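J.: compute the structure for the input listed below.
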Amino acid sequence: MESFLATVTKVFLKSEDFLELKTDADFVTFYNENKKFDKKDARFLGAIEFQRATPILKENYAFPFDKNNVTYPIIGETVLIIISGTECFWLPYTNTQYPNYREDYKTSMAGKERSIAPASGGSNSKDYKESKETGTPNQTKAKQDSEKSKYKVNEKVKFLKPKVGDTILQGRVGNTIRFSELFLTEDDKTSSPSIFIRNKQNPKLDEKPIGELIEEDINEDGTSIYLTSGKVKVPFKETIKKTKDAFKEYPTSDKLTGDQLFVNSDRIILSAKANEFIIFGKKNTGIITDGTFTVDAEKDVYVHTNKNITLHSKGNNKIFLNSDSGGKIYLGKDKGEGDAGAAVQKMVLGGELVKIMGELIDEITKQVYATPVGPTAPGPTNVAAFMSIKGKLKTLLSAKNFLSKS
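T.: The predicted model follows:
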């Protein structure tokens with residue numbers, strides 16, 4: 001078995017890339033001379049073309065060592081080549097201060113720092129001279145720099161600062177997964193298995209010096225998902241201004257420990273595209289927002305509780321119960337609807353009631369009775385009392401509760 005560092009000169013990301021190979025000889029190195037390929041063939045996914053400083057190899061293609069776990073390289077990056085018998089594989093190699101571009105200084109920049117003599121038979125002095133300057137034979141430094149320039153190296157992205165025993169998966173642009181037992185623990189020593197997922201580095205860290213190690217920040221990173229346990233204390237801070245008037249038992253920051261799931265981002269969309277979307281809360285469940293809270297349902301909206309239901313609108317605001325197109329609103333039961341004596345009856349309109357009661361009192365005060373000696377004087381003797389009652393009719397009206405006529 002042989003292993004060495006080499007520079008990536010081409011990456012095969014689709015089968016069509018292999019159809020560009022010119023001769024049958026180019027195919028011989030793949031899978032025991034199997035030359036039957038088509039555009040849907042995925043066997044070559046992640047394969048690379050590589051060059052090493054010296055000696056020049058006839059074999060210059062390699063496959064990912066583990067195709068199920070691959071960080072696809074970029075032209076100009078350094079990889080580790082492993083040759084075992086007739087098989088040739090590559091593995092990622094990182095020796096830089098930033099995760100955005102994985103380049104080995106000795107392989108890709110200055111061959112003179114490697115004590116490698118020219119190979120006999122396949123190499124000449126010209127090849128070796130170019131190899132020392134560019135890290136790859138038969139390729140000028142200008143050409144290599146041109147290939148590298150196709151990918152923009154973002155030196156603002158930093159490596160995560162590890163804790164003892166951490167497993168860290170780090171992408172090129174600030175997307176990371178940390179498997180840890182000590183990160184964010186209160187005492188920095190109690191085993192608390194947790195997973196920290198981050199997408200996009202905190203922009204405030206961009207100007208930190210290259211090579212400085214950083215840590216995740218659930219409040220400042222792009223999007224964060226934290227699965228925590230035990231002694232882990234997540235320093236989460238909500239950004240809303242709305243006070244928690246209804247959520248009387250909202251947990252204080254010192255209680256944000258133990259087995260928990262945190263998701264923090266600028267926007268969160270959860271979708272159940274085929275079946276139920278269900279939320280269970282063993283204790284209190286709250287929704288707190290600085291904006292509008294709405295529920296749109298194609299079918300019924302049903303709320304059930306074993307205790308009270310409170311609808312409270314703070315300040316000079318309104319509460320609407322609205323049923324369009326002839327729909328009905330029931331307060332209390334919705335069965336047994338009827339007239340006088342029925343369990344469920346129609347509500348009255350305050351304005352109409354005041355108007356009719358006023359007209360009734362007016363007619364009472366105008367009453368004239370026929371007697372054997374002739375009609376009486378109009379109105380009863382207690383007209384003043386009736387008029388006093390009429391003046392109080394509007395006290396029947398609620399100042400804050402209204403009912404639509406239809």
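J.: so D362 belongs to a strand, correct?
T.: No. Applying DSSP: H, G, I helix; E, B strand; the rest coil, one finds D362 to be helix, outside a strand.
J.: what's the spacing between the closest residue to it other than its chain neighbours and T71?
T.: Excluding its sequence neighbours, the residue lying closest to D362 (Cβ to Cβ, 6 or more residues apart in numbering) is K390, at 7.6 Å. For glycine as for every other residue, the C-beta is placed from the backbone atoms N, C-alpha and C. The gap separating K390 from T71 is 87 Å, by Cβ to Cβ, to the nearest Å.
J.: the residue nearest to D362 should be in a helix, yeah?
T.: Yes. According to three-state DSSP, K390 belongs to a helix.
J.: who's in contact with it?
T.: Shown in contact with K390 (Cβ atoms under 8 Å, 6 or more residues apart in numbering): 357-358, 361-362.
J.: can you count the residues close to the residue nearest to E212 when sequence neighbours are not counted?
T.: Of all residues not flanking E212 in the chain, K158 sits nearest, at 6.1 Å (Cβ to Cβ, 6+ apart). Look at K158: counted by other Cβ atoms under 10 Å, it has 24 neighbours.
J.: so which helix or strand of this structure has the lowest pLDDT on average?
T.: The least trusted helix or strand in the chain, going by mean pLDDT, DSSP states H and E, turns out to be helix 125-134, with a mean of 37.
J.: on that earlier part again, restricted to buried residues, select the contacts of K390 in ChimeraX.
T.: For the buried members of the contacts of K390, the matching ChimeraX selection, counting by 16 or more other Cβ atoms under 10 Å, is:
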select :361
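J.: which strands border the lengthiest strand in the chain, and is each parallel or antiparallel?
T.: Ranked by residue count and defined by DSSP state E, the top strand of the chain is strand 2-11. Strand pairing for strand 2-11, using DSSP bridges, gives strand 48-51 (antiparallel), strand 78-84 (antiparallel).
J.: can you list the residue ranges for helices in the chain?
T.: Secondary structure of the chain, counting by DSSP state H: helices at 24-27, 105-108, 125-134, 141-148, 350-365, 383-391.
J.: please identify the most buried of the strands paired with strand 2-11.
T.: Comparing those by mean neighbour count (mean count of other Cβ atoms under 10 Å), strand 48-51 ranks first with a mean of 22.
J.: for the stretch 151-300 of the chain, just list every one of the strands.
T.: Here the stretch 151-300 of the chain has its strands, by DSSP state E, counting those that start in this stretch, at 167-170, 175-180, 194-199, 223-228, 260-264.
J.: could you redo the ones you listed as CSV and give each row distance to L213?
T.: CSV is the format used below for the strands of the stretch 151-300 of the chain (distance: least, Cβ to Cβ, whole Å):
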stretch, distance to L213
strand 167-170, 11
strand 175-180, 12
strand 194-199, 14
strand 223-228, 18
strand 260-264, 22
